[in-house]
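> Got a predicted structure here, sequence first:
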Amino acid sequence: MLDLNNQKAIVLLSGGQDSSTCLAWAIQGYEEVIALSVNYNQKHIRELKAAERIAKEAGVKLLQAPLMLPSQLKSITALVQGTDVEEDMGTINADNNLPNSFVPGRNLALILLAGMVAYMEKAGVIVIGANQVDFSHYPDCRKEAINAMQDALNVGMDTSFRIRAPLMDKSKSEIVEFAKAHGALEWMKFTHSCYNGTWPQCGECPACKIRAKGFADAGVIDPLTQCQTDPLEEYLAPIREIEKDVEFLSINVVEKKSKTKKKGEE
Ligand SMILES: [Zn+2]
């Protein structure tokens, strides 16, 4: 069996509020932390740029991995490139009773990728911001799914990985408090939640509403709402010069496969 370092953690970092909070938690709890962000042709490049910015803020190495999803998924989910249903974002899909922001199997695939990276890095721990209290009730965010993936990785790779999901049973307001307790509140201004991918946030989509409610319930001001200019502007400006669709073509994604980001200094 592979000899793993149980003080080394791979953190799945989407660029959102929950995964950024998990990163702060992991940094406090483990000796070595590597962040992993995955380009699955998500609708908003802001997410990936937010992950870069947060990894820099946290001073951890960031790995970026591509994940090619079947193009047919565009017809059933609103969170991958190529869909044009932004106005319906968050509406319930009649076929599965889930929001159309659900990308089937996404989190399972992310965990599998994290398992591959953990194997290469000999890291004993994988951290994911899955949360089963979340409004969306994605089945792959539930404890059963995470536990099953842990078993699958360990059976399939002959390893003893442990998947940690510290936010699993927390409400959105508890997650805000958790971020604050772990010194990550200021990072929240770099996080991306809005399904419409805009700055300022649209304030109307389900992700914006649930974020606002979480901060309000916790009695904490969301640092993102206090920004006078786009906190990710310096990361996004170069991309705006490029044709958006070209940036997202999978051929470009594949070329980014081994791209790593060196540990940042603040
Ligand atoms: Zn929004």
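Done, it's in.

> Can you show me the strands along the chain?
Per DSSP state E, the chain carries strands over the ranges 5-12, 32-39, 61-66, 92-93, 98-99, 123-127, 162-164, 260-261.

> For Glu47, which non-adjacent residue is closest in space?
Leaving aside its sequence neighbours, Glu47 sits nearest to Gly15 (Cβ to Cβ, 6 or more residues apart in numbering; 4.2 Å). To be clear about C-beta, it is placed using only N, CA and C from the backbone, and glycine gets the same treatment.

> Report the separation between the one you found and the ion.
15 Å (Cβ to the ion, to the nearest Å).

> ok so, going back, the strands of the chain into a markdown table, with extra columns for mean neighbour count?
A markdown table is the format used below for those (neighbours: other Cβ atoms under 10 Å):
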| stretch | mean neighbour count |
| --- | --- |
| strand 5-12 | 21 |
| strand 32-39 | 23 |
| strand 61-66 | 20 |
| strand 92-93 | 14 |
| strand 98-99 | 19 |
| strand 123-127 | 25 |
| strand 162-164 | 19 |
| strand 260-261 | 13 |
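
> Take the ones you listed and lay them out in JSON lines including distance to Trp199.
Formatted as JSON lines, the strands of the chain follow (distance: least, Cβ to Cβ, whole Å):
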{"stretch": "strand 5-12", "distance to Trp199": "23"}
{"stretch": "strand 32-39", "distance to Trp199": "19"}
{"stretch": "strand 61-66", "distance to Trp199": "21"}
{"stretch": "strand 92-93", "distance to Trp199": "27"}
{"stretch": "strand 98-99", "distance to Trp199": "22"}
{"stretch": "strand 123-127", "distance to Trp199": "27"}
{"stretch": "strand 162-164", "distance to Trp199": "31"}
{"stretch": "strand 260-261", "distance to Trp199": "22"}
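
> what's the closest of these to Arg46?
Taking Cβ to Cβ, strand 32-39 is the member of the strands of the chain nearest to Arg46, at 12.1 Å.

> Each with direction, which strands does that closest one pair with?
Applying DSSP bridges, strand 32-39 is found paired with strand 5-12 (parallel), strand 61-66 (parallel).

> one step back: would you turn the strands of the chain into TSV with mean pLDDT and distance to Gly183?
Below are those laid out as TSV (pLDDT from 0 to 100; distance: least, Cβ to Cβ, whole Å):
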stretch	mean pLDDT	distance to Gly183
strand 5-12	98	15
strand 32-39	94	14
strand 61-66	90	19
strand 92-93	68	37
strand 98-99	72	32
strand 123-127	98	16
strand 162-164	98	18
strand 260-261	47	21
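
> So which of the ones you listed is nearest Leu23?
strand 5-12 (4.9 Å).

> My read is that Leu167 contacts Ser20, right?
No - assessed by Cβ atoms under 8 Å, Leu167 is found out of contact with Ser20, at 10.9 Å.

> contacting residues around Val117?
Going by Cβ atoms under 8 Å, 6 or more residues apart in numbering, Val117 touches 10, 34, 36, 63, 65, 123.

> try it again with 7 Å
For Val117, the contact set (Cβ atoms under 7 Å, 6 or more residues apart in numbering) comprises 10, 36, 63.

> pretty sure the second one contacts Leu63?
Yes - contact status for Leu36 versus Leu63: in contact at 4.9 Å, counting by Cβ atoms under 7 Å.

> tally of neighbours for the residue in the stretch 51-200 of the chain that the ion sits nearest to?
At 3.2 Å from the ion, Cys194 is the closest residue in the stretch 51-200 of the chain, using Cβ to the ion. Neighbour count for Cys194, taken as other Cβ atoms under 10 Å: 21.

> where does this structure have low pLDDT?
Residues of the chain that meet the criterion pLDDT under 70 lie in 71-96, 134-136, 238-266.
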